[in-house]
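Q: missing the sequence, but the structure's below:
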């Protein structure tokens with residue numbers, strides 16, 4: 001019986017430690033790379049995050065945003081790369097993920113932010129009381145688990161999602177309230 005896990009071309013994966021506190025990863029628009037990319041990101045930030053719950057939350061966010069970049073980013077036939085940058089400081093872990101796609105809306109930044117807020121509100125209402133939904137959680141998780149996030153959708157440069165987590169607290173926005 002053939003293994004269902006697709007082999008990846010390691011030459012298409014670029015992981016660079018730019019500085020002791022800056023990691024840069026470039027990988028193809030292919031779900032097969034997400035597991036190894038997620039592990040590289042988490043291994044990099046382990047020295048900056050003391051709380052295991054916060055580390056797990058960051059892992060979830062990286063996984064969701066990478067999967068969204070692949071699914072909603074550049075068309076598969078173009079196979080454009082996805083770029084991740086992680087900067088670690090004592091008080092903040094900042095993650096920036098960029099893909100080659102237009103995202104779900106093209107327009108000015110304020111419209112994009114308002115549209116993202118609308119999606120989050122709809123998701124919150126949809127998820128209220130439901131536990132078995134398996135899709136469409138990315139933006140809601142960003143809102144709940146990050147201390148900050150921003151979405152910039154540019155038809156020329158691609159979609160960029162930035163988010164931050166505080167490495168010392170136990171939760172995202174819920175802890176800030």
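A: Yes, it's here. Quick caveat: nothing in here was measured; it's all calculated off a predicted structure. Numbering: from 1, shown residues only.
Q: who's in contact with whichever helix or strand residue 53 is part of?
A: Assigned by DSSP states H and E, residue 53 falls within helix 52-72. Identification of contacts with helix 52-72 by CB atoms under 8 Å, 6 or more residues apart in numbering yields 29-31, 34, 37-38, 41-42, 45-46, 49, 82, 84, 93, 95, 97-99, 101, 103-104, 137-138, 141-142, 145-146, 159, 161, 163, 165-172. Just so you know, the C-beta spots here come from the backbone N, C-alpha and C atoms, and that holds for glycine as well.
Q: among those residues, name the ones in strands.
A: Of the positions in those, 82, 84, 93, 95, 97, 98, 159, 161, 163, 165 sit in strands, assigned by DSSP state E.
Q: identify the residue nearest residue 22 in space, chain neighbours excluded?
A: Closest residue to residue 22 apart from its sequence neighbours, by CB to CB, 6 or more residues apart in numbering: residue 87 at 5.3 Å.
Q: host element of the one you found?
A: With DSSP H and E as the test, residue 87 turns up in strand 81-88.
Q: quick one, that strand and helix 52-72 angle?
A: Interaxial angle of strand 81-88 relative to helix 52-72 (axes from the mean of the first three to the mean of the last three CA atoms, to 10 degrees): 160 degrees.
Q: ok, strand 81-88: who's next to it in the sheet?
A: If you go by DSSP bridges, strand 81-88 pairs up with strand 22-28 (antiparallel), strand 93-98 (antiparallel).
Q: is it possible to get a markdown table of those that adds mean neighbour count, mean pLDDT and distance to residue 73?
A: As requested, the strands paired with strand 81-88 are exported to a markdown table (neighbours: other CB atoms under 10 Å; pLDDT from 0 to 100; distance: least, CB to CB, whole Å):
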| stretch | mean neighbour count | mean pLDDT | distance to residue 73 |
| --- | --- | --- | --- |
| strand 22-28 | 19 | 95 | 11 |
| strand 93-98 | 22 | 95 | 9 |
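Q: how about those strands in JSON lines, adding distance to residue 15?
A: As requested, the strands paired with strand 81-88 are arranged in JSON lines below (distance: least, CB to CB, whole Å):
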{"stretch": "strand 22-28", "distance to residue 15": "5"}
{"stretch": "strand 93-98", "distance to residue 15": "14"}
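Q: where in the protein is pLDDT low?
A: Low-confidence segments of the chain, defined by pLDDT under 70: 1-6, 74-79, 102-137, 155, 169-177.
Q: at 80 what do you get?
A: Scanning the chain for pLDDT under 80 picks out 1-8, 72-79, 100-140, 153-158, 168-177.
Q: what does the strand holding residue 87 rub up against?
A: With CB under 8 Å, 6+ apart, strand 81-88 has contacts from 21-29, 37, 41, 44-45, 47-48, 62, 66, 69-70, 73, 93-100, 167.
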